[in-house]
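Engineer: Below are the sequence and a predicted model for it; my questions follow.
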Amino acid sequence: MAERVLVTKLGLDGHDRGVKIVARILRDAGYEVIYTGLFQTPETVVAAAIDEDVSAIGVSMLSGAHEVLLPMVTQALEEAGADIPVILGGIVPEGDFQSMYDAGVARVLTPGATADEVVAAVSGAIEEYQAR
């Protein structure tokens, strides 16, 4: 059975072309992809991830709100007792990477990441979490 990955857009960011490309990349790599659509909240993302029994969550952020929204996602996962890696992709300044890792984000991808890099980030995060 294929690993299940939820991909989503948080907050008011209405740009979804990139997340749809990532969903296609993951699907073509053999993952079962659940796309929640635009304008999600951290709570709806975590609820969907738990309901869908996913192995990873991919969040696309272009709005600059990652510093606020991603810690909310990882905290909601922790509160729910769900050990699911979160992969952040999008416009994330390099200076923000460490704060994202400190907040519990497993991987950060930036624009221009290749299909191989996307798949490696997701598979690596899943393997890491399953080994714990």
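Structural biologist: Sure, I can see it.

Engineer: Give me the below-cutoff pLDDT ranges for this structure.
Structural biologist: 1 (pLDDT under 70).

Engineer: At which residues are the helices of it located?
Structural biologist: Counting by DSSP state H, the segments of the chain that form helices are 17-28, 42-51, 66-80, 97-102, 115-131.

Engineer: Next, the angle from the longest one to helix 17-28.
Structural biologist: Read that as helix 115-131. Here the directions of helix 115-131 and helix 17-28 differ by 70 degrees (axes from the mean of the first three to the mean of the last three Cα atoms, to 10 degrees).

Engineer: Determine the set of other helices and strands touching helix 115-131.
Structural biologist: Under the contact definition 3 or more Cβ pairs under 8 Å, 6 or more residues apart in numbering; DSSP states H and E, helix 115-131 sits against helix 17-28, strand 56-61, strand 86-90, strand 107-109. In this view, the C-beta of every residue, glycine as well, is placed from N, C-alpha and C.

Engineer: Show me what the residue nearest the centre of the chain is bridged to.
Structural biologist: Averaging the C-alpha coordinates of the chain gives a centre point, and the residue nearest to it by Cα atoms, centre = their mean is residue 58 (1.8 Å). With DSSP bridges as the criterion, residue 58 is bridged to residue 7, residue 87.

Engineer: repeat for residue 33
Structural biologist: Each beta-bridge partner of residue 33 is listed here: residue 5, as defined by DSSP bridges.

Engineer: before we move on, what about residue 40?
Structural biologist: The residues paired with residue 40 through beta bridges, assigned by DSSP bridges, are residue 10.

Engineer: residues in contact with it?
Structural biologist: 8-11, 48 (Cβ atoms under 8 Å, 6 or more residues apart in numbering).

Engineer: Quick check: buried residues in stretch 123-132?
Structural biologist: Neighbour counts using 16 or more other Cβ atoms under 10 Å place 123, 125-126 of stretch 123-132 among the buried residues.
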